[in-house]
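S.K.: This is a predicted model, with the sequence first.
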Amino acid sequence: MANTRMSLDIKEYPDTEAQQNRVLTLEEWQDKWVTGHTAFHQEQGNQLLKKNLDIFLKHESGLRVFFPLCGKAVEMKWFADRGHSVVGVEISELGIREFFKEQNLSYSEEPITEIPGATVFKSSSGNISLYCCSIFDLPRANIGKFDRIWDRGALVAINPGDRKRYTDVMLSLLEKGFQYLLSVLSYDPTKHAGPPFYVPDAEIKRLFGTKCNIRCLEKVDAFEERHKHWGIDYILEKLYLLTEKV
Ligand SMILES: C[S@@+](CC[C@H](N)C(=O)[O-])C[C@H]1O[C@@H](n2cnc3c(N)ncnc32)[C@H](O)[C@@H]1O
């Protein structure tokens, strides 16, 4: 408990340069799925999302919810089960197939005509569509606008040099009156190269501040045994709610 309090008191790390030039290729991400290096996956789903789900959904029905860099996030099923329609994008076909298999959902697949070589996987119930392509190619598929975005393991997985490009895609997908929940991690970026990459408060303001109001909803100790191998001794998860600036 004392440790938890101590880590929550830790100030934002000032260095934003340490990871600036780090680049992971799409092939490296696909390899992680093939070799089972997917410790980022949360089998029980994200507990901060669970806690804030009502605030996020505002008891509205029939929402369109977008999952950037979705992996096999179980939270996609949470939204679909509540009657919302879910769209995700993920570069690993293996990850997408594992999602449908583990969630016991039958699905069909079809080519995305606007993106040669890419495929969209659709649940038979019709309310989950997962696009297997890069987030940066996705806008060509004209997938419409979204009432909600759940961004966990997504902005933090984007190469730091591509963050502005990523944010431009996200902002272009937002419907009027949107709510965008963003989970980021705070740790000493000189000790671990990432991903996940460290995204400081100031960077979130720089990326989203002109279009969005930004509110930090949660800041919790997220340190697990596996983080010891990263050479760090604290890691915080922060949850931000981004809403339309009017
Ligand atoms: C850290 S994982 C997070 C997955 C998921 N959001 C979760 O919470 O479990 C990042 C995912 O993004 C995928 N990915 C990385 N770069 C991508 C890109 N440019 N376009 C689409 N998917 C990408 C990876 O294959 C990986 O599954």
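M.R.: Happy to help now that I have it.
S.K.: Neighbouring strands - and their directions - for the longest strand that the chain contains?
M.R.: Looking across the chain with DSSP state E, the single longest strand is strand 174-186. Here strand 174-186 has these sheet partners by DSSP bridges: strand 146-152 (parallel), strand 236-244 (antiparallel).
S.K.: mind listing the helices for this protein?
M.R.: 2-9, 26-34, 47-57, 75-81, 93-102, 163-172, 201-208 (DSSP state H).
S.K.: and this protein, which of its residues are near the ligand?
M.R.: 26, 29, 40-41, 69-71, 73, 89-92, 95, 134-136, 152-154, 157 (Cβ under 6 Å from any ligand atom). C-beta: built from backbone N, CA, C; applies to glycine.
S.K.: quick one: the residue lying closest to Ser172 once chain neighbours are set aside from Leu181, how far?
M.R.: Once flanking residues are discounted, Ser172 sits nearest to Pro139: 6.5 Å by Cβ to Cβ, 6 or more residues apart in numbering. Computed as Cβ to Cβ, to the nearest Å, the Pro139 to Leu181 distance reads 21 Å.
S.K.: Looking at the two, which one has more neighbours?
M.R.: Between Pro139 and Leu181, counting by other Cβ atoms under 10 Å, Leu181 is the more crowded of the two (21 against 14).
S.K.: Sketch out the low-pLDDT regions of the chain for me.
M.R.: For the chain, applying pLDDT under 70 flags the ranges 1-11, 14-16.
S.K.: and the residue nearest to Pro68 when sequence neighbours are not counted, how many neighbours does it have?
M.R.: Using Cβ to Cβ, 6+ apart and skipping the chain neighbours, the partner closest in space to Pro68 is Ala154 (4.2 Å). Using other Cβ under 10 Å, Ala154 has 24 neighbouring residues.
S.K.: next one: the one 3 residues further on
M.R.: Counted by other Cβ under 10 Å, the residues lying close to Ala157 total 19.
S.K.: which residues touch it?
M.R.: Contact analysis of Ala157 by Cβ atoms under 8 Å, 6 or more residues apart in numbering lists Leu24, Trp29, Phe40, Leu69, Pro195, Pro196, Phe197.
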